[in-house]
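# What would the 3D arrangement of this be:
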Amino acid sequence: MSSIDLIAATAFGLEAIATRELQALGYEAKGSQPGWVAFRGDLAAICRANLWLRTADRILIRMAEFPAEDFGQLFDRTCELPWEQWLPADAEFPVNGRSIRSQLSSVPACQKIVKKAIVSRLQKAHGTERLPETGARYTIDLAIRNNVATLCIDTTGRSLHKRGYRTLVGEAPLKETLAAALILLSFWKPGRRLLDPFCGSGTIVIEAALIGRNLAPGLNRDFAAESWTEIPASLWQSAREEARDLVRPDFEPGIIGTDIDAAALRLARRHAEQAGVASLIHFQQQPFERLASRDPHGILITNPPYGERLGDAEETRQLYASMPAILSRLDTWSWYILTSHPELERVLGRQADRRRKLYNGRIACTYYQFYGPKPPRPGTPDVPM
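Predicted coordinates for the structure are as follows:
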């Protein structure tokens, strides 16, 4: 299979960043829609994309896209597809589904139709009535949007945000994929000071350290497609060897995570150890009101509480009211703040230089980017990603 239609599935708002990641791997993105970036590649691309993409949730093989306005059409078009090229006779193939603004609105019914059609196709193709589903797992992904069905096979398994280092989860965790996006959308580079004053269990600063060392986020986990006979084990081995060869050496420590919660910091230190970047991050228990730095320039990237999942409304109001005075201590820094707070700019008395709509789980947020003066260092980029 020299050329395969693939999709990098992302959270809404991260499509452009995933596109740049694919381009950096040498793959041309063929277009995107909300939550999806399409690209083409060979079998090795499945391995490399799963290992390397920091902002995608999963890598899908796109089998087909077609109009589906009734169950007969959905069954017939599904049955026409060459499922036997991927699924052996003993494949386990559950069907996940969703429907958005479509006539076929009953997702369970659509799942049953797709399952029945694939069974019919595999029975004929493999010359057997028996499909025991005792073998490797090939999860089928059905998405119907505006009466157009897209059928895919999931190569990833557990979502790509599950890097393997965060075995224990604190309160209101930020997904690793979103944390990586916050870093990639900033001016930060290894060697520059980076501070998260609400670091919680450490996801933002850990993802920064992984990026700084060019550590592939999927290097220490497995993927659904590793158990498939259609993708030789040698391709996974080669992709992992490539990733290990591209790891950069430790850089000068300059990443700081602070938080008032001692229990969260214990988790953060443990996660940094498991990620292999503990030597690059300094964690400190400290309330936000004590924020300070002797560095004349730096990057602040944070996801402060915004009253929807943490704390109560009055505490959140007081926190944001304190921000102008506290952040003014870092007035020559660049600030990057992800929040759903609707009046952050008014509270800070400053318009953001750039805003980007992102989703923290189901919560619609804005990533506010306030640029400080350019530090006098050669090679500092003029614009972020």
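# Would you mark the buried spots in the lowest-mean-pLDDT helix or strand in the chain?
In the chain, no helix or strand scores lower on mean pLDDT, DSSP states H and E than strand 29-33, which sits at a mean of 82. By 16 or more other CB atoms under 10 Å, the buried positions in strand 29-33 come out as Ala29, Ser32. Every C-beta, even on glycine, is put in place using the N, C-alpha and C of the backbone.
# what does stretch 42-62 give?
Buried, per 16+ other CB under 10 Å, within stretch 42-62: 43-62.
# and the end-to-end length of it?
Stretch 42-62 has an end-to-end distance of 13 Å (criterion: CA to CA, to the nearest Å).
# What of stretch 77-85?
With CA to CA as the measure, stretch 77-85 spans 16 Å from end to end.
# Stretch 241-251 too?
Its start and end residues considered, stretch 241-251 measures 22 Å (CA to CA).
# so how far is Glu242 from Cys79?
Taking CB to CB, to the nearest Å as the measure, Cys79 falls 39 Å from Glu242.
# my bad, Glu129
For Glu129, the distance to Glu242 equals 43 Å [CB to CB].
# likewise Arg221?
To Glu242, Arg221 is 16 Å away according to CB to CB.
# what about the strands in the protein?
4-10, 29-33, 36-41, 56-67, 95-100, 139-145, 148-154, 194-196, 255-259, 281-285, 299-302, 334-339, 354-360, 363-370 (DSSP state E).
# Most tightly packed of the ones you listed?
Most buried of those, by mean neighbour count (mean count of other CB atoms under 10 Å): strand 194-196, with a mean of 26.
# Run me through the strand neighbours of that one, direction for each.
Next to strand 194-196 in the sheet, as set by DSSP bridges, lie strand 255-259 (parallel), strand 299-302 (parallel).
# Output the ones you listed in JSON lines, with mean pLDDT and distance to Glu176 appended to each entry.
Formatted as JSON lines, those follow (pLDDT from 0 to 100; distance: least, CB to CB, whole Å):
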{"stretch": "strand 255-259", "mean pLDDT": "98", "distance to Glu176": "15"}
{"stretch": "strand 299-302", "mean pLDDT": "98", "distance to Glu176": "14"}
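# can you put those strands in JSON lines and add distance to Lys115?
Listed next are the strands paired with strand 194-196 as JSON lines, based on distance: least, CB to CB, whole Å:
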{"stretch": "strand 255-259", "distance to Lys115": "46"}
{"stretch": "strand 299-302", "distance to Lys115": "44"}
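# between those, which gets nearest to Gly276?
With distances scored as CB to CB, the stretch of the strands paired with strand 194-196 nearest to Gly276 is strand 255-259 (13.8 Å).
# Not counting residues beside it along the chain, what's closest to Asp5?
Closest residue to Asp5 apart from its sequence neighbours, by CB to CB, 6 or more residues apart in numbering: Arg62 at 4.1 Å.
# before we move on, what about Ala38?
Distances taken as CB to CB, 6+ apart place Lys30 nearest to Ala38, at 4.5 Å, with adjacent residues excluded.
# Quick check: the one you found touching Gly41?
No: in this structure, Lys30 is not within contact of Gly41 by CB atoms under 8 Å, at 10.7 Å.
# Pull up the gap between Ile61 and Gly72, please.
25 Å.
# Not counting its own residues, what contacts the longest helix along the chain?
As assigned by DSSP state H, the longest helix anywhere in the chain is helix 107-126. Here helix 107-126 makes contact (CB atoms under 8 Å, 6 or more residues apart in numbering) with 71, 74-76, 78-84, 87-89, 91, 93, 95-99, 104, 129, 131, 140, 142, 144, 151.
# Mind checking the pLDDT average for that helix?
For helix 107-126, mean pLDDT is 98.
# what's the angle between it and strand 148-154?
Put simply, helix 107-126 runs at 60 degrees to strand 148-154, going by axes from the mean of the first three to the mean of the last three CA atoms, to 10 degrees.
# chain center to helix 107-126, what's the gap?
With CA atoms, centre = their mean, to the nearest Å as the basis, helix 107-126 stands 31 Å off its chain's centre.
# Could you do stretch 333-349 as well?
Here stretch 333-349 shows a centroid-to-chain-centroid distance of 23 Å under the convention CA atoms, centre = their mean.
# Check stretch 68-81 too.
Taking CA atoms, centre = their mean, the mean C-alpha location of stretch 68-81 is offset from the chain mean by 32 Å.
# surely Glu230 meets Trp86?
Yes: using CB under 8 Å as the test, Glu230 is close enough to Trp86 to be in contact (5.8 Å).
# Neighbour count: the two, which is higher?
Neighbour tally, Glu230 and Trp86, criterion other CB atoms under 10 Å: the higher count belongs to Trp86, 21 against 15.
# Provide a list of residues in contact with that one.
Per CB under 8 Å, 6+ apart, neighbours of Trp86: Ile61, Tyr138, Ile153, Trp228, Glu230.
# go with 6 Å
Trp86 makes contact with Ile153, Glu230 under the criterion CB atoms under 6 Å, 6 or more residues apart in numbering.
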